[in-house]
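# how does the following fold in three dimensions:
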Amino acid sequence: ELLAGYYRSLGFFQARVGYRIDYDTTGKWITLTFVIYEGIRFKVRNVAVMGNKYHDESELGQLLKMSGGEFFNEDKMMRDVRSIKDLYGAQGFVFVDVQPEPRYLEEPGMIDIVYRVEEGDRYRAGDIRVHIEGDSSHTKHTVALNYLGRVRPGSIIDMRELQRAERRLAASGIFATQQTGGAPPSIEVKPPDQEGTKMR
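Below you'll find the model as predicted:
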């Protein structure tokens, strides 16, 4: 399965992997041979983005590593997904969803890649609440809030900044998670009907 997945990630979508077992004369040892049918390696004809409204396609196209004329590469495709999500996430589109769709064409060995974007709503930070688990916490909530950087109530939520804040909290050593076996500090963002932004 790993071998087949590896081949498919490089555009060999028809790849099949089987195996053969041969015993030696003593019956104690075997030779395991993987038999691989690669098939055609698919190339990308066109790359497109659909569903986007806030950013136009030419702007998003500058982020994309996958381009027409090259062999399909799953790593590049997933990097493109992350790049699009990071762009939107930095501008308050907290729940943006990006789905890549390889589309097979009539021309043998060719596919189109379409990134479907569901932008969702753009959010500002509302209530920022600190929840410290444990029977008796001596840590003031303001100490945790100081690690948030530029994220303040009323500001456009920047998911990259929240991720950096989460790393700063984990590296601060304020919360002794290793000794207690607890989970590292995390920041959750919830829609307004689910109590806003919450830090744990």
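
# for stretch 84-94, buried residues please.
Buried residues in stretch 84-94, defined by neighbour count with 16 or more other Cβ atoms under 10 Å: 84-85, 87-89, 91-94. Quick note: C-beta positions are derived from backbone N, CA and C, even for glycine.

# next one: stretch 116-130
117, 119, 123, 125-126, 128, 130.

# save those as CSV, and put in secondary structure too.
Shown next, in CSV, are those (DSSP: H, G, I helix; E, B strand; the rest coil):
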residue, secondary structure
117, strand
119, coil
123, coil
125, coil
126, coil
128, strand
130, strand
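
# ok, which pair from these is furthest apart?
Using Cβ to Cβ, the pair of these lying farthest apart is 117 and 130, separated by 32.9 Å.

# with distance to residue 53, pLDDT and secondary structure added, can I get the buried residues of stretch 84-94 in TSV?
Converted to TSV, the buried residues of stretch 84-94 look like this (distance: Cβ to Cβ, whole Å; pLDDT from 0 to 100; DSSP: H, G, I helix; E, B strand; the rest coil):
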residue	distance to residue 53	pLDDT	secondary structure
84	13	94	helix
85	16	94	helix
87	13	92	helix
88	11	92	helix
89	16	91	helix
91	13	89	coil
92	14	90	coil
93	11	92	coil
94	16	88	coil
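
# picking up where we left off before, closest to residue 66 out of the buried residues of stretch 116-130?
Using Cβ to Cβ, residue 117 is the member of these that lies nearest residue 66, at 15.1 Å.

# my read: the closest one touches residue 54, true?
No: counting by Cβ atoms under 8 Å, residue 117 sits too far from residue 54 to count as a contact (9.1 Å).

# distance-wise, check the spatially most central residue of the chain relative to residue 64.
The C-alpha lying nearest the average C-alpha coordinate of the chain belongs to residue 82 (Cα atoms, centre = their mean; 5.4 Å). Remark: distance between residue 82 and residue 64 (Cβ to Cβ, to the nearest Å) = 11 Å.

# returning to that earlier point: export the buried residues of stretch 84-94 as CSV, with columns for distance to residue 43.
As requested, these are exported to CSV (distance: Cβ to Cβ, whole Å):
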residue, distance to residue 43
84, 22
85, 26
87, 27
88, 29
89, 31
91, 33
92, 37
93, 32
94, 36
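
# which sections of this protein are below the confidence cut-off?
131-141, 143-144, 147, 174-183, 193-200 (pLDDT under 70).

# show me where it has helices.
2-9, 57-61, 74-89, 141-145, 159-172, 177-180 (DSSP state H).

# by contact count, what packs against the first one?
Spelled out, that is helix 2-9. Identification of packing neighbours for helix 2-9 by 3 or more Cβ pairs under 8 Å, 6 or more residues apart in numbering; DSSP states H and E yields strand 16-23, strand 30-37, helix 74-89.
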